[in-house]
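Trainee: Build me a model:
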Amino acid sequence: MSLSPADAATRRAALVDLIDETIVSARAADRVDLDARLAAARTRVADPRLRVVVVGPLNQGKSRFVNALLGLDVCSVGDDETTAVPTLVQHGDRPRADLVLTGDGAERIEIPPGDLARVTPATPHADGRTVQRLEVSAPSPLLADGLVFVDTPGVGGHGNPHTAATLTLLASADAVFVVSDASQEFTAPEMSFLRQVHTLCPASAVLLTKTDLYPHWRRILDADRTHLRDAGLDVPLVPVSSLLREYALRTDDASLQAESGFSAVYDFLRERVVERNADAARVSVARDVRRVIEHLALGVQSELTALRDPAAGAAAIEDLQRAKTAAETLRTRAARWQITLADGITDLAADVDHDLRDRLRSVTRAAEESVDECDPGREWPRLGQWLGEQVAESVGDNFVWAHERALALAGTVAEHFALDDVQLPALRLGDLSGLLAPVGDLSDLESGRIGVGQKVLVGMKGSYGGVLMFGLVTTLMGMALVNPISVGAGVVLGTKAYRDDKQARVVKRRADAKIAVRKFTDDVSFQVGKESKDRLRVIQRQLRDHFTDIADQTLRSLSESMKVAQDAANVEQQERHRRVADLERQVTELTGLRDRMARFAGAEA
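Mentor: Numbering: from 1, shown residues only. A predicted model of the protein is given here:
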């Protein structure tokens with residue numbers, strides 16, 4: 001990192017002091033309505049934690065990678081699905097583990113660190129309540145720099161319910177590691193998930209794990225790079241071996257450390273995560289503080305202008321009156337931004353619903369075509385797995401697309417405020433961990449296999465008519481009822497009857513399979529469609545409240561500025577000189593704050 005930890009801490013402390021001075025100025029001006037913006041900026045500076053989410057399919061080595069990266073045994077490792085709930089690992093002075101339960105109060109229950117490997121959604125520590133996540137605190141130099149790692153359950157199709165919840169985490173992550181082992185090159189579902197991840201969080205990288213287990217990992221690495229290039233994804237691909245990293249830490253072997261590939265991981269965290277986020281945070285905080293300073297300076301400058309030059313003050317009051325009228329218009333229900341927001345949410349809800357239905361209809365048609373091309377009784381497990389993957393991909397793509405459209409809508413609404421740097425809110429998307437829980441599994445289907453006895457019975461039923469019919473005909477020729485001709489006819493008709501029965505069973509299984517597919521996708525559409533509408537309503541309220549606050553702050557600044565400018569005309573001469581001096585001092589202080597903040601931002605504010 002370009003700054004040492006001590007230098008970074010010194011810069012943060014200076015920036016916090018600067019924000020505190022601005023808070024004092026805001027309170028002195030009785031502008032407590034600006035406190036929330038300054039408090040949020042102060043929190044981002046004082047607590048610069050960056051959340052790094054580790055995702056990937058089951059049994060790819062996510063938990064072992066986190067343990068090896070931190071040099072700590074904080075995530076459970078095993079051959080089965082060991083990470084059943086999201087595990088958040090952060091810095092702490094002593095080792096500690098807490099279960100966070102869902103509910104209004106987000107209750108926390110401390111558990112012994114030795115029980116980490118046995119934490120599941122049904123853990124006895126939760127007393128039957130739903131486990132939201134597991135938080136682990138541990139002393140670590142990497143964690144002390146502000147990084148927080150989130151180890152997620154494996155993602156997959158409908159049979160694995162964690163994909164939707166993982167996408168929710170990615171929307172607010174500062175960086176993402178997508179883990180895929182070196183046993184095989186990227187599959188189609190993995191490539192689709194990678195596109196979703198990169199869209200939600202551009203600061204992402206792919207880790208090719210378990211290179212120590214597969215001698216052909218370099219061929220897999222080249223193939224994966226080709227897949228990424230063909231898909232147009234500019235994502236770093238880093239081969240790593242957690243086992244070598246752990247052994248290098250135990251033996252203090254620098255060569256093994258280099259061979260493990262973890263140096264590239266640290267470079268990514270330093271250059272693409274910490275430094276970039278630090279720069280972005282400085283710019284964001286500078287923008288917020290600058291806007292507050294402009295609100296404070298507006299009233300001071302208006303009063304000062306009116307005291308110094310009454311004629312210029314009168315012109316300034318007219319300008320303020322026009323600006324106030326425009327600001328009052330922003331607050332009304334008929335304001336253009338509110339109309340844009342309401343219409344945009346309505347259109348977005350319709351588009352998202354149509355997009356989801358269109359994607360699921362495409363999956364349904366593809367599934368029905370596959371059913372028509374095979375005997376679904378034999379291929380049902382494979383078809384079920386494929387259907388789950390396709391549905392999960394469709395739901396994920398719909399989620400990502402809706403998120404992008406919501407951000408675009410926020411930007412469109414912000415344009416109505418005629419400001420260059422209107423801050424957009426961080427859209428909270430809620431918890432999607434139980435999104436597909438009400439959706440039942442794909443219905444079972446007959447395998448189509450029948451026993452030898454049943455086959456014989458079907459053949460005998462078909463052959464009976466042939467033996468009897470041809471036997472009666474041949475009796476007219478003086479032959480017995482059962483003779484070679486009637487037996488041969490019975491064999492031919494019995495074979496045909498067996499084939500017709502077999503085909504009829506296949507047709508019935510295909511019809512049953514199509515009904516099961518449609519029922520499954522309809523259930524998914526119903527459940528996800530309801531969640532999408534709820535999520536868009538939440539987003540609408542967030543945007544409405546955010547921009548209403550901006551309008552209220554602007555209106556108050558203009559109203560108070562106009563009031564003090566009008567009052568300045570009635571100030572006595574002696575009081576006028578004293579007030580001018582006081583206002584000039586305030587202008588100097590605010591200008592100093594603004595210039596210092598510009599230096600922290602690294603650019604002219």
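Trainee: Kindly list the longest helix within the chain.
Mentor: As assigned by DSSP state H, the longest helix anywhere in the chain is helix 484-568.
Trainee: and that helix, what does it pack onto?
Mentor: Packing partners of helix 484-568 (3 or more Cβ pairs under 8 Å, 6 or more residues apart in numbering; DSSP states H and E): helix 275-308, helix 310-331, helix 336-372, helix 376-414, helix 452-475. The way it works is simple: take the backbone N, C-alpha and C, and place the C-beta from them, glycine included.
Trainee: now Leu147, which residues is it bridged with?
Mentor: Leu50 (DSSP bridges).
Trainee: Toward the C-terminus from the one helix or strand Ala258 maps to, list the very next helix or strand.
Mentor: Using DSSP states H and E, Ala258 sits in helix 254-260. Downstream of helix 254-260, the first helix or strand assigned by DSSP H and E is helix 262-268.
Trainee: any idea of the mean pLDDT for the longest helix of the chain?
Mentor: The average pLDDT for helix 484-568 rounds to 77.
Trainee: Let me know the angle separating it from helix 336-372.
Mentor: Computed by axes from the mean of the first three to the mean of the last three Cα atoms, to 10 degrees, the angle separating helix 484-568 from helix 336-372 equals 170 degrees.
Trainee: Need the per-residue pLDDT for Arg27.
Mentor: Arg27 is assigned 76 on the pLDDT scale.
Trainee: do the same with the one 5 residues further on
Mentor: For Val32, the model assigns a pLDDT of 71.
Trainee: how near is Gly61 to Glu185?
Mentor: Shown here: Gly61 relative to Glu185, a distance of 16 Å by Cβ to Cβ, to the nearest Å.
Trainee: no wait, Arg405
Mentor: Taking Cβ to Cβ, one finds Arg405 at 32 Å from Glu185.
Trainee: cool, and Asn277?
Mentor: Using Cβ to Cβ, Asn277 is found at 32 Å from Glu185.
Trainee: and what of Leu207?
Mentor: From Leu207 to Glu185 the distance is 15 Å (Cβ to Cβ).
Trainee: Which strand or helix spans Leu207?
Mentor: In this assignment (DSSP H and E), Leu207 forms part of strand 204-209.
Trainee: That strand pairs with which strands?
Mentor: Short version: by DSSP bridges, strand 204-209 pairs with strand 175-181 (parallel), strand 237-239 (parallel).
Trainee: Comparing the ones you listed, which comes out most buried?
Mentor: Most buried of the strands paired with strand 204-209 by mean neighbour count (mean count of other Cβ atoms under 10 Å) is strand 175-181; its value is a mean of 25.
Trainee: moving C-terminal of that strand, what's the next helix or strand?
Mentor: Next in sequence after strand 175-181, counting helices and strands by DSSP H and E, comes helix 188-200.
Trainee: what comes up buried for that following helix?
Mentor: Pro189, Glu190, Met191, Ser192, Phe193, Leu194, Arg195, Gln196, Val197, His198, Thr199, Leu200 (16 or more other Cβ atoms under 10 Å).
Trainee: With stretch 247-261 instead?
Mentor: Tyr247, Ala248, Leu256, Gln257, Glu259, Ser260, Gly261.
Trainee: now stretch 341-356
Mentor: Under 16+ other Cβ under 10 Å, the buried positions of stretch 341-356 are Leu341, Gly344, Ile345, Leu348, Ala349, Val352, Asp353, Asp355, Leu356.
Trainee: Now do Pro112: how many residues are near it, please.
Mentor: By other Cβ atoms under 10 Å, the residues close to Pro112 number 8.
Trainee: For it, what are phi and psi?
Mentor: Torsion angles at Pro112 (phi, psi; degrees, to the nearest 10) stand at phi -60, psi 140.
Trainee: That one: what's it in contact with?
Mentor: Ala97 (Cβ atoms under 8 Å, 6 or more residues apart in numbering).
Trainee: follow-up on the earlier one: give me the contacts around the strand holding Leu207.
Mentor: So strand 204-209 is contacted by 60-61, 64-65, 175-182, 194, 197-198, 217, 220-221, 224, 228, 235-242, 265, 268, 272 (Cβ under 8 Å, 6+ apart).
Trainee: for the helix or strand that that strand is followed by, what is the average pLDDT?
Mentor: Once the chain leaves strand 204-209, the next helix or strand it forms, by DSSP H and E, is helix 217-230. Averaging pLDDT along helix 217-230 gives 93.
Trainee: Check which residues of helix 217-230 are buried.
Mentor: Within helix 217-230, the residues scored as buried using 16+ other Cβ under 10 Å are Trp217, Ile220, Leu221, Asp224, Arg225, His227, Leu228.
Trainee: ok, now stretch 384-403?
Mentor: The neighbour-count check on stretch 384-403 (16+ other Cβ under 10 Å) flags 384, 386-403 as buried.
Trainee: again with stretch 373-386
Mentor: Buried residues in stretch 373-386 (16+ other Cβ under 10 Å): Asp375, Pro376, Gly377, Glu379, Trp380, Leu383, Gly384, Trp386.
Trainee: CSV for those residues, including pLDDT?
Mentor: Shown next, in CSV, are these (pLDDT from 0 to 100):
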residue, pLDDT
Asp375, 82
Pro376, 83
Gly377, 80
Glu379, 83
Trp380, 84
Leu383, 88
Gly384, 85
Trp386, 86
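Trainee: Val53 belongs to a strand?
Mentor: Yes: Val53: assigned to a strand according to DSSP: H, G, I helix; E, B strand; the rest coil.
Trainee: Retrieve the pLDDT associated with it.
Mentor: 89.
Trainee: go on, Ile345?
Mentor: 91.
Trainee: Which residue, other than its chain neighbours, is closest to it?
Mentor: Counting by Cβ to Cβ, 6 or more residues apart in numbering, the nearest residue to Ile345 once its immediate chain neighbours are dropped is Gln540, at 4.5 Å.
Trainee: Now do the contacts for the one you found.
Mentor: Gln540 neighbours (Cβ under 8 Å, 6+ apart): Leu341, Ala342, Ile345.
Trainee: same check, this time on Leu383
Mentor: Counted by Cβ under 8 Å, 6+ apart, Leu383 has contacts Ala367, Ser370, Val371, Pro376, Ala513.
Trainee: Which among those residues count as buried?
Mentor: Buried members of these, counted by 16+ other Cβ under 10 Å: Ala367, Ser370, Val371, Pro376, Ala513.
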